[in-house]
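Engineer: Okay, predicted coordinates and the sequence, questions at the end:
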Amino acid sequence: MTMIGCCIPSPDTSDRFSDRCFNIFPCLSDPARRSTFCLRLALVMLHLIFVAFIFIFDQHFRDQSKHQPWYTLIYMLLVVATLVQYFFTSGSSPGYVLDAMRDFARTEASLRVSEVSKQPASSKNGSVVVTIDRNQSGEYLSGNNPMNWTKLVMDMYPPGTSVRTYTCSYCNVVQPPRAKHCHDCDRCVLQFDHHCVWLGTCIGQGNHCRFWWYILEETALCIWTGILYIKYLQASFDKAWLVDVIMIVLLSILSIALIFLLLLLLFHTYLVVTNQTTYELVRRRRIPYMRSIPERVYPFSKGACRNLYNFCFARTSIYAMEPLPGAIELEQKSAPYTCFDVISCRCCC
Ligand SMILES: [Zn+2]
Ligand SMILES: [Zn+2]
């Protein structure tokens, strides 16, 4: 009986153990965060398995590492950079509409404070007294200025647009153009692209650039690891068949992942160059303001070069919003291409 008592933990013991685990890793107590934690752990393990097989079984790679340590160092740097980029992207904010609203409120509140401080201040015992309406300031800081936000957002749509059309029924906020409610995050996201299950977050205005770099790094790592696997198989075929079988299975998984990553990279590069999102491309007919725009016209595009520059460098804030182009601009974009347009690179500038 004593033996059984020692081997099988009592419910109290297991509860105490789980409580201790939750104290050390609080993310494990929340089912949603637990699944994200498991996903991230699985991704790290997957990377380590693929890299470890090269180090353990490839004698040629180990010999090469001794003679050319820089080669292995660059490869390991790419592995680390890819993992860091993954965590960097998954932990970054995609740019939520509610946060943009708060940011706008904070800016307005600071402007109001500076305006009040510019007004003639009353003097008391030689010290300057600045009067600030505390209630109003608090209201602005908490983001409860829906009228100003509504006006700001509705000015981005053509005149006469109904507020109700663009009010999210879940968040109860007015969505700027290109925003969409994500049911996984349960929030409206600026320039919503898609909800990435692999990263456990939405891809939107705030992290699309990081996402693109992550795909690029993952693709490069996949290609390099694949080349190392092929080199190993060429050098040691028929010597250790069990290892070879494992290597062939891993290489097959790598090849499938590489095809997927290359297609994803090409697709997102196309989206960046044309300043579109996956949602706008796939669900074009569902977006009210996109329905009247011809298929081949990209309303938010400012030319391929400008789009690339804006995507990589020019974004000052993740809460910056793009208004819908006016009727004249849309008409110019809809005009058919002429020989002169091709020569002058209309699509680029
Ligand atoms: Zn929403
Ligand atoms: Zn989401």
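Structural biologist: Arrived safely. Numbers count the residues shown, from 1 in each chain. Ligands and ions are numbered 1, 2, ... in the order given.
Engineer: In terms of pLDDT, where does residue 64 sit?
Structural biologist: With respect to pLDDT, residue 64 has a value of 82.
Engineer: my guess is it meets residue 72, correct?
Structural biologist: Yes: look at residue 64 against residue 72 with C-beta atoms under 8 Å: they come within range, at 7.4 Å. C-beta coordinates here come from the backbone N, C-alpha and C atoms, glycine included.
Engineer: if I look at the two, which residues touch both of them?
Structural biologist: When contacts are counted by C-beta atoms under 8 Å, 6 or more residues apart in numbering, residue 64 and residue 72 have no shared neighbour.
Engineer: what's near enough to touch the spatially closest residue to residue 173 that is not a sequence neighbour?
Structural biologist: In space, and not counting its chain neighbours, residue 173 is closest to residue 97: 5.4 Å by C-beta to C-beta, 6 or more residues apart in numbering. Under the criterion of C-beta under 8 Å, 6+ apart, the contact list for residue 97 reads 168, 171, 173, 175-176, 179, 187-190.
Engineer: Can you say which of the residues you listed are buried?
Structural biologist: In terms of neighbour count (16 or more other C-beta atoms under 10 Å), the buried residues within those are 168, 171, 173, 175-176, 179, 187-190.
Engineer: Columns pLDDT and distance to ligand 2 on top of the residues you listed, output as CSV?
Structural biologist: Rendered in CSV, the data for these read as follows (pLDDT from 0 to 100; distance: C-beta to the ion, whole Å):
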residue, pLDDT, distance to ligand 2
168, 93, 13
171, 91, 13
173, 91, 16
175, 93, 14
176, 93, 17
179, 94, 12
187, 93, 7
188, 95, 10
189, 95, 6
190, 94, 12
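Engineer: Among these, name the ones in strands.
Structural biologist: Assignment to strands by DSSP state E places the following of those there: 187-189.
Engineer: At the contact with ligand 2, which residues of the stretch 151-300 of the chain appear?
Structural biologist: 182, 184-185, 195, 202 (C-beta under 5 Å from the ion).
Engineer: can you pick the most crowded of the residues you listed?
Structural biologist: With neighbours set by other C-beta atoms under 10 Å, the maximum within these is found at residue 202, which has 25 neighbours.
Engineer: re earlier: which of the contacts of residue 97 sit farthest apart?
Structural biologist: Put simply, by C-beta to C-beta the two of the contacts of residue 97 set farthest apart are 176 and 187, 13.8 Å from each other.
Engineer: show me where the chain has strands.
Structural biologist: Taking DSSP E as the test, the strands found in the chain are 122-124, 127-129, 180-182, 187-189, 194-196, 201-203.
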